[in-house]
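> pasting the structure only:
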C-alpha cells in the first residue's frame, strides 16, 4: 500500500471535521427571530400609556384593556410580562424603534406616519378624532368655521391658549395635514401633557380647543361633564398594537393569529364590553349632579364603603349605592325600599339589618346581598363579567336574570356574555317573550340601565379620585418604568352549565329591588 493510501483517510477525516465545524458556525451565526429572542429572554416587554382604558394600577393591581390583552399574549408565548407605561406619547415609538420594548399596546390608531416605520396588528376597536370645546362656549360646526373664527377668538381671549394637541400624536399629524389647505391655521404642540391633561384644561376654561379620540371623550365626560365634541375631524380609524417593521415577521405573525383566536372565542368582545361597552349616551345634568355628590356626599360614607366592601372594590359598592339612593341615607321609594342601599324589608331581614335607615347597617347588608347574588352566578360565566350578572340580579332578582340568559341561548347568542344578555333583558317585559320564561314579566330595561349606570358611576369615581390624587402633588412618576409581572394562571377552569335543567329559586323580593416591582429606565433612553 502506498503512503498516499494511508494519508488519504486521515486527510478525508480532517476535511470532514472541518466541514462540520464550519456548518456549525454558520448555524450558530444565523440571526434569531424576534420570537426566539423573547422566549430566550423569558420576558415580553410591552410599551403602553398610563390611562384608565389601556393600563393603570387599581386597588387589586394592574388593569386595563391593553394590559389584559398583553397578559394573555405573554401567556401564549409562555413568558413573563413587563408593562412599561409611558406618561408621554412621544416616548413610546422611539422605545420600540430602539428595542427597549417588543410591542406597543396603548390604544393607538393606524396613522400613515406610524405605518411608515412600524407594523400595525389587527384592529380591535375603532375611534374617530373629535375637536373638543367647553360646554357654553362657541361651537364650530366644521374645520373651516374654526379657521375663520380663529383670529377673533384669540383677540377676545388673549389670556387663553387657542388649540393644543399632544406631541407626536395622530392629532398633530391630522392638523398638519389640514394646514396644507388652511395655512393660516395655528395650533400648539404640547410635549408635557397627555390627552387627559388637555381635556382637563378645556373643561377648566384654560384652553379653548383640543382633540381626542371619541372613546376618550366619552370616558372623560364622566369626570369633566363640561367637555363637548364640536365635530369629528376623521372617519372611524382602527386601533391596534404595533411592532417594528423588519424582515422577520415571526412576532407579527403570532400577533395576527392571537387576535384571530381571541375574536373567534368571544374573549375580545368580552373585554371590549368590560372597558367600553358601558359608555352609552351622555347625560350632562345627571353627570353634573353626580360630580357634585362626589365632593359633598361621598367623603362622609367612604370609610363605611371601604370597611364593608369585602371582596368587592369599594368604589363599585359606592357606585351601586349612588344608583340606589344618590347617597341619601333616608331615601325611600314608592315600593317601600329604603336607605343608602335601598333594601326591601324581606331582604334586610335576610341579611341581618334591623334598621334600614342606619347607614352602616344598610351598607353592610347591601354588600352581603350582593355577595349572595355573586355566589349564585353560574361558574361558566367569565370571572370579570360575573359582577354585571350579580348586579342585574340585585336589581330584578336572580330568577329573572336566569330567564334572560335562557332567552339569549334560545336566540343563538351567548348566555355567558353580558353584552348578549343585556340586549335581551328588555324582552322580559314584552309578552311575546316573557310568556316563554319561568318567572314571567320583569322590568328588564330598567335592570339593563341599572347595571350600565353603575358601570358609568364606577368609572367616574375612579377618574375623580385619580384627579384628586394628582392634585395632591404626587409626581413620583417615571416614564417607561418597568412593571414586571410573573406569569401565572389567571383564569380558572370552569365547566359549562345546562341552562335548561337548573332549578332556580326566585328571591321573595326579587322584583322589588328596583406587587408589581418598578425599575426606572435610563432617562437618556426616553
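Noted; the coordinates are in hand. Every value quoted in this text rests on a predicted model; they were computed, and no experiment measured them. Numbering: from 1, shown residues only.
> name the helices or strands packed onto the helix or strand that residue 145 is a member of?
Element membership for residue 145 (DSSP states H and E) is helix 143-156. Helix 143-156 sits against strand 161-166, with contacts defined as 3 or more Cβ pairs under 8 Å, 6 or more residues apart in numbering; DSSP states H and E. Bear in mind the C-beta positions are built from the backbone N, C-alpha and C, glycine included.
> the same query, at a cut-off of 10 Å, please.
Here helix 143-156 touches strand 129-134, strand 161-166, helix 170-181, strand 207-213, strand 227-232, going by 3 or more Cβ pairs under 10 Å, 6 or more residues apart in numbering; DSSP states H and E.
> and among these, the most buried is which?
Among the helices and strands packed on helix 143-156, strand 207-213 has the highest mean neighbour count (mean count of other Cβ atoms under 10 Å), at a mean of 25.
> strands paired with that strand, and their directions?
strand 129-134 (antiparallel), strand 161-166 (parallel) (DSSP bridges).
> take these and lay them out in JSON lines including distance to residue 344.
Listed next are the strands paired with strand 207-213 as JSON lines, based on distance: least, Cβ to Cβ, whole Å:
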{"stretch": "strand 129-134", "distance to residue 344": "43"}
{"stretch": "strand 161-166", "distance to residue 344": "50"}
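> quick one: which of those is nearest residue 263?
For residue 263, the closest of these is strand 129-134, at 24.8 Å, according to Cβ to Cβ.
> before we move on, back to that, what's the angle from the helix holding residue 145 to strand 129-134?
Going by axes from the mean of the first three to the mean of the last three Cα atoms, to 10 degrees, helix 143-156 is angled at 30 degrees with respect to strand 129-134.
> quick one, domains of this protein?
Following automatic domain parsing, the chain resolves into domains at 35-122+245-276, 129-234, 284-473.
> quick one: low-confidence parts of the stretch 1-150 of the chain?
1-29, 59 (pLDDT under 70).
> which residue ranges of the stretch 1-150 of the chain form helices?
3-29, 34-41, 65-77, 92-97, 112-117, 143-156 (DSSP state H, counting those that start in this stretch).
> circling back to that earlier point, any chance of TSV for the helices and strands packed on helix 143-156, columns distance to residue 219?
Output for the helices and strands packed on helix 143-156, formatted as TSV (distance: least, Cβ to Cβ, whole Å):
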stretch	distance to residue 219
strand 129-134	12
strand 161-166	16
helix 170-181	17
strand 207-213	9
strand 227-232	10
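> residue 273 is nearest to which of these?
Across the helices and strands packed on helix 143-156, residue 273 has its closest neighbour in strand 207-213 (18.4 Å, Cβ to Cβ).
> residue 102 reaches residue 48, doesn't it?
No - here residue 102 lies out of contact with residue 48, judged by Cβ atoms under 10 Å, at a distance of 11.9 Å.
> identify the contacts common to those two.
Residues touching both residue 102 and residue 48 (Cβ atoms under 10 Å, 6 or more residues apart in numbering) are residue 84.
> state the distance from the nearest residue in space to residue 67 that is not next to it in sequence to residue 453.
Nearest residue to residue 67, sequence neighbours excluded (Cβ to Cβ, 6 or more residues apart in numbering): residue 55, at 4.5 Å. Distance, residue 55 to residue 453, by Cβ to Cβ, to the nearest Å: 26 Å.
> again, but for residue 337
From residue 337 to residue 453 the distance is 17 Å (Cβ to Cβ).
> quick one on the thing from earlier: do you know which of the helices and strands packed on helix 143-156 lies nearest residue 374?
That would be strand 207-213 among these, by Cβ to Cβ, at 33.5 Å.
> after that closest one, which helix or strand is next?
helix 214-220.
> which strands and helices sit next to that following helix?
With contacts taken as 3+ Cβ pairs under 10 Å, 6+ apart, helix 214-220 sits against strand 125-127, strand 129-134, helix 195-203, strand 207-213, strand 227-232, helix 267-276, helix 444-471.
> switch the cut-off to 7 Å
For helix 214-220, the elements it packs on are strand 129-134, helix 195-203, strand 227-232, judged by 3 or more Cβ pairs under 7 Å, 6 or more residues apart in numbering; DSSP states H and E.
> now for the longest one, which elements pack on it?
If I follow you right, that is helix 195-203. Packing partners of helix 195-203 (3+ Cβ pairs under 7 Å, 6+ apart): strand 129-134, strand 161-166, strand 207-213, helix 214-220, strand 227-232.
> weakest of these in terms of mean pLDDT?
Lowest mean pLDDT of the helices and strands packed on helix 195-203: helix 214-220, a mean of 89.
> pLDDT weak spots in the stretch 401-526 of the chain?
469-526.
> all strands for it, in order.
If DSSP state E, counting those that start in this stretch is used as the criterion, the strands of the stretch 401-526 of the chain fall at 482-485, 517-519.
> for residue 325, what are its contacts?
By Cβ atoms under 7 Å, 6 or more residues apart in numbering, the contact set of residue 325 is 331, 339, 340, 342.
> where does pLDDT dip in the stretch 201-350 of the chain?
For the stretch 201-350 of the chain, the ranges with pLDDT under 70 are 280-282.
> mind checking how far residue 383 is from residue 332?
The spacing between residue 383 and residue 332, counted by Cβ to Cβ, is 36 Å.
> next: residue 158.
When residue 158 is compared with residue 332 (using Cβ to Cβ), they lie 53 Å apart.
> repeat for residue 97
Between residue 97 and residue 332 the computed distance is 62 Å (Cβ to Cβ).
> also residue 247?
70 Å.
> neighbour-wise, which of those two wins?
Between residue 247 and residue 332, residue 332 has the larger neighbour count (other Cβ atoms under 10 Å), namely 14 against 5.
> how about that one, what does it touch?
residue 338.
> who is it paired with across the strands?
Here residue 332, judged by DSSP bridges, has bridge partners residue 338.
> ok, and for stretch 102-115, which residues are buried?
Residues of stretch 102-115 classed as buried by neighbour count (16 or more other Cβ atoms under 10 Å): 102, 103, 104, 105, 106, 107, 108, 109, 110, 111, 114.
> so what's the gap between that stretch and the chain middle?
17 Å (Cα atoms, centre = their mean, to the nearest Å).
> cool, stretch 306-320 as well?
That offset, for stretch 306-320, works out to 20 Å (Cα atoms, centre = their mean).
> how long is that stretch end to end?
This stretch, stretch 306-320, spans 13 Å end to end (Cα to Cα, to the nearest Å).
> so what touches that stretch?
59, 298, 305, 363-364, 367, 370-371, 391, 454, 457-458, 461-462.
> got a quick PyMOL command for the buried subset of the residues you listed?
Selection of buried members from these for PyMOL, criterion 16+ other Cβ under 10 Å:
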select buried, resi 298+305+363+364+367+370+391+454+457+458+461+462
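> now distance to residue 220 too, for the contacts of stretch 306-320, in JSON lines please.
As requested, the contacts of stretch 306-320 are exported to JSON lines (distance: Cβ to Cβ, whole Å):
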{"residue": "59", "distance to residue 220": "21"}
{"residue": "298", "distance to residue 220": "19"}
{"residue": "305", "distance to residue 220": "24"}
{"residue": "363", "distance to residue 220": "29"}
{"residue": "364", "distance to residue 220": "34"}
{"residue": "367", "distance to residue 220": "30"}
{"residue": "370", "distance to residue 220": "28"}
{"residue": "371", "distance to residue 220": "32"}
{"residue": "391", "distance to residue 220": "24"}
{"residue": "454", "distance to residue 220": "19"}
{"residue": "457", "distance to residue 220": "15"}
{"residue": "458", "distance to residue 220": "15"}
{"residue": "461", "distance to residue 220": "14"}
{"residue": "462", "distance to residue 220": "12"}
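> since that was my last question, I'll sign off now.
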